[in-house]
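Student: what's the 3D shape of this:
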Amino acid sequence: MRPKLRIALALKDSKPPVCNSYLLGAFEFAQARHDWQILRNGDSALLTWEEALAEKPDGILGVLLPHHAVTRRSVGRSKLVILNAVFDHPFHSVYPDSIEAGRRLGEHMLECNLGHFAFLGADHAKFSELRRIGVEAALRDAGYDRELHFLTSATVRNDPAAFRAWLLALPRP
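Tutor: As a prediction, the model looks like this:
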C-alpha cells in the first residue's frame, strides 16, 4: 500500500468564509480518496504559508496573497495548487468561473428592472476584471446599450471624495 500524500492547507491568512469553504472541500476530498493526510499544526489544519512550506509536503493547497513569500524555489518538490489569488503567479490555479459569475450578476440586475448599472471592481484583480466582462456581456446580450459605470476600489481607499462624487453623479433609476 502506498503511503498517504501529505497535504498542507495554507489557508490561515484567508478570510473565514473563503477559508471555511476551501477547508470543507479539502476534507471531503481527502475522505473520499483515502490517500491524503491533511497536515496539522497542533489541533488546526489551517497553516500559514511558512508553516506549510516548512513541512515539505507532497502538496499544498492555499490562497496566495501578494505579501506571501512563495517562490518556485521555496516550494521545492511540493505540488502547489493556488485556490484563489488576486494577482498573476507561476503556479497551478483553481478559480471560479468569474465571467459566468459576472454574467449571472448582470442577468440578475436586469431582472430587477434597473435602468442604469455600475460596477465597483477590485484593483489589479483578474477575477474582478473577468466579472466586469461577464456583467457587460449579459447587459449587451439583453440589448442594454448604455454605459456601464465603472470604478475600482483604489479610488474608494485613496480618494473618498472622488468616490462620493462618482456615486452622486451616477444616473438614478
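Student: the strands in this structure, which residues?
Tutor: 5-10, 36-38, 59-64, 79-85, 92-93, 117-121, 148-152 (DSSP state E).
Student: could I have the first one exported to PDB, CA atoms only?
Tutor: Just to be clear, that refers to strand 5-10. What follows is strand 5-10, C-alpha atoms only, in PDB (Å, rounded to 0.1, in the frame of the first residue of the first chain):
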ATOM      1  CA  LEU A   5       0.100  12.000   0.400                       C
ATOM      2  CA  ARG A   6       1.000  14.700   2.900                       C
ATOM      3  CA  ILE A   7      -1.100  17.700   2.100                       C
ATOM      4  CA  ALA A   8      -0.800  21.100   3.700                       C
ATOM      5  CA  LEU A   9      -3.600  23.700   3.700                       C
ATOM      6  CA  ALA A  10      -2.000  27.200   3.600                       C
END
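Student: Okay, angle between that strand and strand 59-64 too, please.
Tutor: Taking axes from the mean of the first three to the mean of the last three CA atoms, to 10 degrees, one finds strand 5-10 and strand 59-64 inclined to each other by 10 degrees.
Student: elements contacting strand 5-10?
Tutor: helix 16-33, strand 36-38, helix 49-54, strand 59-64 (3 or more CB pairs under 8 Å, 6 or more residues apart in numbering; DSSP states H and E). In short, each C-beta sits where N, CA and C put it, glycine included.
Student: Out of those, the one nearest D141 is which?
Tutor: helix 16-33 (29.8 Å; CB to CB).
Student: where are the low-confidence patches of the protein?
Tutor: Counting by pLDDT under 70, the chain has low-confidence residues at 1, 85-87, 173.
Student: wait, isn't F91 in contact with L83?
Tutor: No - look at F91 against L83 with CB atoms under 8 Å: they stay out of range, at 10.6 Å.
Student: Between these two, point out the one with more neighbours.
Tutor: A count of neighbours by other CB atoms under 10 Å puts L83 above the other of F91 and L83, at 22 against 16.
Student: Ranking the helices and strands packed on strand 5-10 by mean neighbour count, which comes first?
Tutor: strand 59-64 (a mean of 22; mean count of other CB atoms under 10 Å).
Student: Noted, bye for now.
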